[in-house]
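Chemist: need a 3D model of the following:
(2 chains)
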Amino acid sequence: MTTLPFSPAAMQRLLAFAGLVALVVVFSIASDNFLQTDNLVSILQATAVNGVLAIACTLVIVSGGIDLSVGCLMTFCAVVTGVVLTNWGMPLPLGILAAIATGAVCGGVSGWLVAQLRVPPFIATLGMMMLLKGLALVISGSKPIYFLDTPGFEAIAQESLLGAVLPALPIPNSVLILFAVAIFASWLLSQTLFGRYAFALGSNEEAARLSGLQVKRWKVAVYAVGGAICGIAGLLIASRLNSAQPALGQGYELDAIAAVVIGGTSLVGGRGSVLGTLIGAFIMSVLANGLRILNVPQEWQTALTGIIIVLAVYLDILRRGKD
Amino acid sequence: MKRRLLLLTALLAATAQAQQTIYIPLISKGFQHQFWQAVKAGAEQAGKDYKVRVTFEGPESEAMVDKQIDMLAAALAKKPQAIAIAALDSKATIPLLRKAQAAKIPVIAFDSGVDSDIPLTTASTDNRAAAALAADKLAALIGGEGEVAVVGHDQTSRTGIERVEGFVNRLKAAHPKVRVVTVQYGGGDHLKSTEVAKSMLQGNPKLKALFGTNEGSAIGIVNAVREMKRSNVTVVGFDSGKQQKDAIASGAMAGAITQNPVGIGYRTVEAAVKALKGEALPKAIDTGYYWYDKTNLRDPKIAAVLYD
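Modeler: So this is what the prediction gives:
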């Protein structure tokens, strides 16, 4: 066997990245309106919420779990922030803290259900998804909560700190937050004990246990960090819409998981990267944006996205088969 | 002893009263959206006015036809005096409604009709006519010509289809120089509708106006126009809600069509009560729709049908 110039994981990311570039090229040729600064900024912005959720999913998935509750957890955190800021009139930093803490606690509970009570992750987080969906409606009284009394809240996602310094780069804060979360999660996975253990849990939990790893504790930690990241997604969507919409959220988990698998993370666990997920999330938003710009009917947009997901995973299987 | 007897009689009387209270369950299409909350409020008001017991329930999403049928079956099992339904699918509920008919339970349809003559009447908005009014207003706002686009909320539900068709057909018939270049769907989801509207604006630089077929769609368009700084684009919406009202007050949205959700709920329960009294009902009750903009936002007649 010839030596590859890159590691297999890097190969997969390269493949995904090549796919992303190909999509951009195709859409640029098909429409003059695609490759424009404004539109590229729009694509970046449209990736923020799904990208952050997908990163949360990536952490859980590499550890051998799954989190179906990410969409509803995002909404629940947004509603909690709404209650803290609008209904209780607390200052902005407390609202931000509330979202992240709520996410961490709910994620931690899912992790505890999985680790301690041995509820399968699919079931534990499905239950969590429904619980949070219901609770978001309960605490909001089934009504959206607006952030009109907290003028700074809108700035979290919508304004552009970078644009204030470099007017040529009007990239909204939500995108900067996405990249910050990606860098943080990537560091966490590749440079820390947390990451090493997450991969160990995902590739062989029994071996990890036998080598003395405190499996339960680290599992809870993985779900809790994932949950905290969902809290950040909650802040992003609430700020973008300047309201916490309690009925949104279900279905977002599927987009997030799709981005994760397009990016080459294995659903079985033990293999994956944040960079891959980020590329996967961009592929999804470029596809959606480009097809809409071409005025492709909605039903075909959905069908094509399905084909791309399966194709991406199939290419990954093919390539790994050769290794 | 005497007191205890009195208490017992009072208790018995109360139970008898409860048994006599007329029970009318309303099976709705949903309950989460502000629109349904307003329908529910109207139904409950009528329940108070006519001294009947009203319950209101619906599935979580407007795609859950099967869940709604289960709810209808459960409601019928409680042997109500009358029943009201906003059918998600105009045919799927018919077998159960036949059962209701056989049990002599009057059926009232609301919001959407059923393809059957079992419902004694249907209390709803004429969605095609309402969307046609939006088309007329939008055409006038852009001077009778130019490219426009639609952000729809649902490709398969009756309101979703009728509003898009009503709008598109009216433009074709009465405003031939106004061309609908694309219709896309955001599921009524505020964020998805925002992304949909942004791509439409990007892909069609000559767009003069956009029409959103429900609250989430309309707010998505407002967000998109703001984020892309295309304030010369005219936005026309549907339904109300705080953000839509604010957008109209600030000029970000030119105007919108509102239905009368409180009226839909009220007239539904009222019709059920009339049916139980043996009164004749018209085949359809048009609960009305109105155009509202900056000029009449505070008009008491309009303010009464808007909700936050």
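Chemist: distance of the residue of the stretch 101-250 of chain A found nearest chain B relative to A:V310?
Modeler: Nearest to chain B, among the residues of the stretch 101-250 of chain A, is A:A247, at 4.0 Å (Cβ to the nearest Cβ). To be clear about C-beta, it is placed using only N, CA and C from the backbone, and glycine gets the same treatment. Separation of A:A247 from A:V310 (Cβ to Cβ, to the nearest Å): 30 Å.
Chemist: the residue of the stretch 101-250 of chain A closest to chain B: what's it in contact with?
Modeler: A:137, A:142, B:32-33 (Cβ atoms under 8 Å, 6 or more residues apart in numbering or on different chains).
Chemist: please repeat the previous calculation with a cut-off of 6 Å.
Modeler: B:Q32 (Cβ atoms under 6 Å, 6 or more residues apart in numbering or on different chains).
Chemist: how far away is it from B:G188?
Modeler: 9 Å.
Chemist: show the pLDDT at the residue of the stretch 51-200 of chain B found nearest chain A.
Modeler: Nearest residue of the stretch 51-200 of chain B to chain A (Cβ to the nearest Cβ) works out as B:S199 at 3.5 Å. Predicted confidence (pLDDT) at B:S199: the value is 95.
Chemist: give me the element the nearest residue to it once chain neighbours are set aside is part of.
Modeler: Excluding the flanking residues, the one nearest B:S199 by Cβ to Cβ, 6 or more residues apart in numbering or on different chains is A:R292, at 3.5 Å. Counting by DSSP states H and E, the element that carries A:R292 is helix A:274-293.
Chemist: what comes up buried for that helix?
Modeler: By 16 or more other Cβ atoms under 10 Å in any protein chain shown, the buried positions in helix A:274-293 come out as A:274-293.
Chemist: following that helix, which helix or strand shows up next?
Modeler: Where DSSP H and E defines the elements, the next helix or strand beyond helix A:274-293 is helix A:298-322.
Chemist: does chain B sit close to that following helix?
Modeler: Yes - residues of helix A:298-322 contacting chain B under Cβ under 6 Å from any Cβ of the partner chain: A:Q298.
Chemist: name the helices or strands packed onto that helix?
Modeler: Applying 3 or more Cβ pairs under 6 Å, 6 or more residues apart in numbering or on different chains; DSSP states H and E, one finds that helix A:298-322 contacts helix A:252-262.
Chemist: so for whichever strand or helix holds B:A135, what gets flagged as buried?
Modeler: Per DSSP H and E, B:A135 falls inside helix B:127-141. If you call a residue buried by 16+ other Cβ under 10 Å, then helix B:127-141 has these buried ones: B:127-128, B:130-139, B:141.
Chemist: which residues touch it?
Modeler: For helix B:127-141, contacts defined as Cβ under 6 Å, 6+ apart pick out B:159, B:162-163, B:166-167, B:170-171, B:175, B:178, B:209, B:211, B:234, B:236, B:254, B:257, B:289, B:291.
Chemist: just stretch B:264-273 next, same as before
Modeler: Residues contacting stretch B:264-273 (Cβ under 6 Å, 6+ apart): B:24, B:39, B:42-43, B:45-47, B:50, B:54, B:82, B:84, B:108, B:110, B:121, B:123, B:281, B:285, B:287.
Chemist: that one - what's its average pLDDT?
Modeler: 96.
Chemist: what does stretch A:91-103 give?
Modeler: 97.
Chemist: tell me which residues of it come out buried.
Modeler: Neighbour counts using 16+ other Cβ under 10 Å place A:92, A:95-96, A:98-103 of stretch A:91-103 among the buried residues.
Chemist: taking those one by one, which sit in strands?
Modeler: For the buried residues of stretch A:91-103, not one is inside strands, with DSSP state E as the criterion.
Chemist: farthest-apart pair in the residues you listed, please.
Modeler: Within these, two members stand farthest from each other by Cβ to Cβ: A:L92 and A:G103, at 17.2 Å.
Chemist: which non-adjacent residue is nearest A:L278?
Modeler: Spatial nearest neighbour of A:L278, chain neighbours left out: A:A182 (5.2 Å); criterion: Cβ to Cβ, 6+ apart.
Chemist: next one: the helix or strand harbouring the one you found to chain centre, how far?
Modeler: A:A182 belongs to helix A:173-191 when assigned by DSSP H and E. Between the centre of helix A:173-191 and the centre of its chain there are 11 Å (Cα atoms, centre = their mean, to the nearest Å).
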